[in-house]
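no FASTA, just this:
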């Protein structure tokens, strides 16, 4: 259930720490701590808060979208998974979606399709679908990404197979799928997709 302002007052109390201040504390803790375990816990908490639309404005003000994007290039599998989970939660909102796309998020998320972690790949697939807009659809359904989804659609892993099939059927044209199938003689590896730096400056 999504939170409402009155629920937050009951949860924190009138003299309690406000939601924005609490999220700010989490962001500060993530940036300051040297403990990988603490980073994972804080990032997981931020990803959970990203599920509730009432937090979207706060998270944008705190540049949490950039923080999530930055984690996708980390070697720590849990960090990548939580960062991607946060983006996946935020990407349903049109303003968040546009910002992620503007920051090169499609390519950054697509690079996670080559992860060996199943949950990370599933989150990447879902996030890419959530990032589809009339403006971004061509990028999200690029030949490289469609080729990758085509391979996942033949996976023995039912979860990967089903989600990839949905992507191909709901977001791609038959021509795009046929072109990807025809290019499989020389497939492009997802890890070879160039990932641009995240250099967005908040307005």
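Looks like it arrived, so ask away. This structure is a prediction, so every number in the text was calculated from the model and none was measured. Numbers count the residues shown, from 1 in each chain.

the one helix or strand residue 95 maps to: which residues count as buried?
Here residue 95, judged by DSSP states H and E, is contained in helix 94-102. Using 16 or more other C-beta atoms under 10 Å as the test for burial, helix 94-102 gives 96-97, 99-101. (Each C-beta comes from the backbone N, C-alpha and C, glycine too.)

now distance to residue 52 too, for the residues you listed, in CSV please.
Putting the buried residues of helix 94-102 into CSV (distance: C-beta to C-beta, whole Å) gives the following:
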residue, distance to residue 52
96, 13
97, 17
99, 18
100, 18
101, 22
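
need these in CSV with pLDDT, can you?
Compiled in CSV, the buried residues of helix 94-102 are given as follows (pLDDT from 0 to 100):
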residue, pLDDT
96, 97
97, 97
99, 97
100, 97
101, 97
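
and the contacts of stretch 41-57?
Applying C-beta atoms under 8 Å, 6 or more residues apart in numbering, the contact partners of stretch 41-57 are 2-5, 8, 19, 23, 26-27, 29-30, 33, 59, 64, 67-68, 71, 79, 82-83, 85-87, 89-90, 93, 95-96.

okay, the most centrally placed residue in the chain and residue 131: tell me how far apart.
In the chain, the centroid-proximal residue (C-alpha atoms, centre = their mean) is residue 87; its distance is 3.3 Å. Look at residue 87 and residue 131: by C-beta to C-beta, to the nearest Å, they are 9 Å apart.

list residues touching both of these two?
In contact with both residue 87 and residue 131: 100, 105, 109, using C-beta under 8 Å, 6+ apart.

host element of residue 80?
Assigned by DSSP H and E, residue 80 falls in helix 77-90.

next up, the contacts around residue 121.
Counted by C-beta under 8 Å, 6+ apart, residue 121 has contacts 112-113, 115, 152, 160.

still on that earlier bit, can you list contacts of the helix holding residue 95?
56, 60, 65, 69, 87, 90-91, 106, 130-131, 133, 135-136, 139, 200.

which among the residues you listed end up buried?
Buried among these by 16+ other C-beta under 10 Å: 56, 60, 65, 69, 87, 90-91, 106, 130-131, 136, 139, 200.
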